[in-house]
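1. Have a look at this fold, sequence not included:
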């Protein structure tokens, strides 16, 4: 949903590009910082220090947001940068999921780790659907959109972690994870539909 409204943030992106482009940090270095922040967030998830986990997760997402802005601002938004950025995004996602697997999540219909697996499954499938649609010549453009994209999932993950601050039993955290699992897999199916529709 945020992806469809990205044009509303063009003014903000230009301002951020003007400010952060003066720093001696390249877009690829911001990408590396995004991965490092993701690892730190995973560490704090495992330690159940959820506020720090959220802070570093948001740092990771902000660094990932900045790298593209700066790359465009410096006119170096090339295929190599985009490729490394996409691969790093997947690593950051998996760091967070791995941290979640160490949490003593309660069983709600299914064991908590199974819900985390379903989220991991959806995240991988969403990315693969996008890549496969171009590989199989269903569309020349990337298949994006759907009910929840990566920014929405990150917001929901942050909410799930913050629920752990309020409820140490992690019951509410698990409920949020269940919601993420359901809507993420629904989004994967949406993208399959959009890819097939693009061919007709």
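-> Sure, I can see it. As the structure is a prediction and not an experimental result, all values here were calculated from the model. Residues are numbered from 1 along each chain as shown.
2. And for residue 100, nearest residue in space, chain neighbours not counted?
-> Nearest non-adjacent residue to residue 100, counting by CB to CB, 6 or more residues apart in numbering: residue 116, 4.6 Å away. C-beta coordinates here come from the backbone N, C-alpha and C atoms, glycine included.
3. in which helix or strand would I find the one you found?
-> Taking DSSP states H and E as the criterion, residue 116 maps to helix 112-135.
4. list the helices and strands that helix packs on?
-> The contact analysis (3 or more CB pairs under 8 Å, 6 or more residues apart in numbering; DSSP states H and E) places helix 112-135 against helix 79-101, helix 171-199.
5. Which one, of those helices, ends up nearest to residue 28?
-> helix 79-101 (6.3 Å; CB to CB).
6. Mind listing what's buried along that closest one?
-> Buried residues in helix 79-101, counted by 16 or more other CB atoms under 10 Å: 81, 85, 88, 89, 92, 93, 95, 96, 97, 99, 100.
7. Out of the residues you listed, which two are the most distant from each other?
-> The two members of the buried residues of helix 79-101 with the most space between them (CB to CB) are 81 and 100, at 29.1 Å.
8. ok, the residue most central in space within the chain - contacts?
-> Geometric centre of the chain, nearest residue: residue 150, 3.7 Å, by CA atoms, centre = their mean. By CB atoms under 8 Å, 6 or more residues apart in numbering, residue 150 lies in contact with 89, 93.
9. Return the distance of stretch 28-35 from the chain's centre.
-> From the chain centre to the centre of stretch 28-35 is a distance of 14 Å (CA atoms, centre = their mean, to the nearest Å).
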